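Asks: Below is the sequence, then the predicted model.
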Amino acid sequence: MKQLKTLGVVIGRFQIPELHEGHIGLLDEVATRHEQMLILVGHNTIRFNTDDPFPFHIRKQMLESRYPRATVLPLMDSPISNEHWSSTVDKKVASVSETGKAVLYGSRDSFIPKYTGQYPTQELDELPNVSATQVRALVGAEIVDDPLFRKGWLSAIHWQYSVTDPTVDMAIHTADFNQVLLGRRGADSPLRFFGGFVDPEDESFEVAAGREQVEEAMGIEVSKPKYIASQRITDPRYGKSKYGVMTTFFAMEFQGGVPEAGDDMDLTQWCDLNEQLLGVVAPEHVVLVELLLKYKQERLA
C-alpha cells in the first residue's frame, strides 16, 4: 500500500536573484518536517518593477534547483479581500495534498496574520538582518561588465509585458478658436502640441496636462483643461518597439501673457487654426489637428 505523504506549505514572493539565509532556513526546516513540500509563489500581472522584478518562471527555476522534490505553483495576488486570497491558497493546497491535510509555515511579518483559510499555520523563527528589499536595492544598482549580465538584461526586456504609456497633449487656443499655440523642438523641427508623459506623481490626466503646460509653455495664463479625446499616437521614438503611446488630448483657452518655451521646447509659435495646419505639424500630431478642428467646429456651432 502506498504511504501517504504529509504536506508542508511555504508561501512567499522570493523576489531575489538567489535565496538568502532566511529563505533557506525556512525551506530547509519545512523540508525536514514533511515528506512533501508545496511552495506557493506570490505574483501579479503588473509590469516588472524594483519591488517585483522577477516573473514566476524564473523564481520557480531558482526554487526547484535547490528543492527538486518540491511542488512550486504560482499564487496570484487578490485585490478583493484576504478571504478571497485565502480561498485561493486553500484550493492550491488541496490540489497537492494527498491526505487533505497540510501545515502552512511562515516567519515573522509573513502571510499568517491575513490568512483565514482552513489549514493550520505555524510561525518559524527568522534569521535576523536578512532583507530581500535591501538585497534587491544593492544588486539592482550594480552594473557588471560581463556578457552574462548583458544577456540577463536582454532577457528581462524580452519578458516585459507589452504596455501602452500614457501621455497628455494640449491645444492652447484663443477664445475665438482662430489661433493655436504650438512649439518646436529646434528651429528646423516641425510644429507640435505641448505635452509629455504622465508622471507617477500626477493625480489625474488633467493635473498632468496642467503640469506639462507650465513646464513647456511658460509665461501664460490658460483655462482649466477641457477633454477633447484620447488617441493612440505613432511615436517615432518607439520605432519597432512592442510598446506604444496613448495620449489624452485637452483644450486650454489662452487668457493672457507672453509665451516662452520651456523644458524640451525651444520655440513657441501662434498658428492659424485651419486645415493648412495639417501640412506643417509633426506627422504623429496630424491626427490631433484633425481632432482639434472637429472640436472647434462643435464648440462654435
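Replies: Structure's in. What do you need? Residues are numbered from 1 along each chain as shown.

Asks: Could you chop this structure up by domain?
Replies: 7-158, 164-300 (automatic domain parsing).

Asks: Flag whichever of those domains has the least confidence on average.
Replies: Out of the domains of the chain, domain 7-158 stands lowest, with a mean of 87 (criterion: mean pLDDT).

Asks: roughly how far out does that one sit from the chain middle?
Replies: Taking C-alpha atoms, centre = their mean, to the nearest Å, one finds the center of domain 7-158 at 21 Å from the center of the full chain.

Asks: Could you number the chain from 234 rather than 1 from now on?
Replies: Done: numbering now begins at 234, and the last item shifts to domain 240-391.

Asks: What separates the first and last residues of it, distance-wise?
Replies: One end of domain 240-391 to the other measures 36 Å (C-alpha to C-alpha, to the nearest Å).

Asks: sorry, back to before: now render the domains of the chain as CSV, adding mean neighbour count.
Replies: Heads up, the C-betas are built off the backbone N, CA and C, glycines and all. Converted to CSV, the domains of the chain look like this (neighbours: other C-beta atoms under 10 Å):
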stretch, mean neighbour count
domain 240-391, 15
domain 397-533, 16
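
Asks: how about the helices in the stretch 434-534 of the chain?
Replies: 438-449, 519-533 (DSSP state H, counting those that start in this stretch).

Asks: which outside residues touch the last one?
Replies: The list of residues contacting helix 519-533 from outside it, by C-beta atoms under 8 Å, 6 or more residues apart in numbering, reads 402, 404, 406, 410, 413, 426, 461-462, 464, 466, 480, 482, 484, 506-508, 510-511, 514.

Asks: measure the closest residue in space to residue 419 that isn't next to it in sequence to residue 265 for me?
Replies: Using C-beta to C-beta, 6 or more residues apart in numbering and skipping the chain neighbours, the partner closest in space to residue 419 is residue 499 (5.4 Å). To residue 265, residue 499 is 68 Å away according to C-beta to C-beta, to the nearest Å.

Asks: biggest strand in the protein by residues?
Replies: strand 477-494 (DSSP state E).

Asks: Packing partners of it?
Replies: strand 397-406, strand 412-417, helix 438-449, strand 450-455, strand 459-466, strand 500-505, helix 519-533 (3 or more C-beta pairs under 8 Å, 6 or more residues apart in numbering; DSSP states H and E).

Asks: With distance to residue 331 added, can I get those in JSON lines?
Replies: Output for these, formatted as JSON lines (distance: least, C-beta to C-beta, whole Å):
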{"stretch": "strand 397-406", "distance to residue 331": "46"}
{"stretch": "strand 412-417", "distance to residue 331": "68"}
{"stretch": "helix 438-449", "distance to residue 331": "53"}
{"stretch": "strand 450-455", "distance to residue 331": "68"}
{"stretch": "strand 459-466", "distance to residue 331": "52"}
{"stretch": "strand 500-505", "distance to residue 331": "73"}
{"stretch": "helix 519-533", "distance to residue 331": "60"}
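
Asks: right, and these - which one's nearest residue 316?
Replies: strand 397-406 (33.1 Å; C-beta to C-beta).

Asks: Between its first and last residues, how far does stretch 368-383 reach?
Replies: Rule used - C-alpha to C-alpha; the end-to-end distance of stretch 368-383 is 20 Å.

Asks: make that stretch 373-389, sorry
Replies: With C-alpha to C-alpha as the measure, stretch 373-389 spans 12 Å from end to end.

Asks: Give me the contact list for that stretch.
Replies: 281, 283, 286.

Asks: For residue 297, pull up the helix or strand it's in.
Replies: In this structure, residue 297 is located in helix 289-299 according to DSSP states H and E.

Asks: Can you name the residues in contact with that helix?
Replies: By C-beta under 8 Å, 6+ apart, helix 289-299 touches 247, 248, 251, 252, 257, 260, 272, 274, 276, 303, 305, 307.

Asks: Please repeat the previous calculation with a cut-off of 10 Å.
Replies: Applying C-beta atoms under 10 Å, 6 or more residues apart in numbering, the contact partners of helix 289-299 are 243, 245-252, 256-257, 260-261, 264, 270, 272, 274-277, 287, 303-309, 385, 388-389, 392.

Asks: go on, stretch 278-285?
Replies: 246, 248, 275-277, 287-288, 309-310, 365-366, 369-370, 373-374, 389-390, 392-396.

Asks: what does stretch 262-270 give?
Replies: Under the contact criterion C-beta under 10 Å, 6+ apart, stretch 262-270 has outside partners 236-243, 260, 271-272, 296, 299-300, 302-305, 329-332, 335-338, 340, 355, 357-358.
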